[in-house]
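Trainee: Structure, please.
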Amino acid sequence: LNVAAIATNPALAAGTVAGVAARAGSEKMAAQSVDAIRKALISGVAPANKKRFERELRTFLGLQAN
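Mentor: Residues are numbered from 1 along each chain as shown. Got it, this is the predicted structure:
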């Protein structure tokens, strides 16, 4: 649809470019947020409690049965 819209009105190309740029930016922000959460979880748990914490986190996220 974008190709047809741009073919009939080239001014619509700006909207397509803006949408692609916004999506790329949001994907980058999401990846950075996940990485920041991962780092906070890794560094914020005492080594003695790490295995228990990881098991509870996996259960909470639904990655492992309780």
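
Trainee: Output the contacting helices and strands for the helix or strand of the chain with the lowest mean pLDDT.
Mentor: In the chain, the helix or strand scored least confidently by mean pLDDT, DSSP states H and E is helix 50-61, which has a mean of 75. Judged by 3 or more CB pairs under 8 Å, 6 or more residues apart in numbering; DSSP states H and E, helix 50-61 has no packing partners among the helices and strands. Any C-beta I mention is one placed from the backbone N, CA and C, and that applies to glycine too.

Trainee: make it 10 Å
Mentor: Using 3 or more CB pairs under 10 Å, 6 or more residues apart in numbering; DSSP states H and E as the contact definition, the elements that helix 50-61 packs against are helix 13-43.

Trainee: Quick one: mean pLDDT over the helix it packs on.
Mentor: Regarding helix 13-43, the rounded mean pLDDT is 85.

Trainee: quick one, it and helix 50-61 angle?
Mentor: An angle of 140 degrees separates the directions of helix 13-43 and helix 50-61 when computed by axes from the mean of the first three to the mean of the last three CA atoms, to 10 degrees.

Trainee: how close does the spatially most central residue of the chain sit to Ala24?
Mentor: The geometric centre of the chain, computed from its C-alpha atoms, lies nearest to Ala30 (CA atoms, centre = their mean), at 3.0 Å. Per CB to CB, to the nearest Å, Ala30 is found 11 Å from Ala24.

Trainee: what does Ile42 give?
Mentor: Distance, Ile42 to Ala24, by CB to CB: 27 Å.

Trainee: what do you get for Asn9?
Mentor: In this structure, Asn9 and Ala24 are 24 Å apart, going by CB to CB.

Trainee: now do Gly44
Mentor: The separation that Gly44 has from Ala24, given CB to CB, amounts to 30 Å.

Trainee: Repeat that for Ala4.
Mentor: 23 Å.
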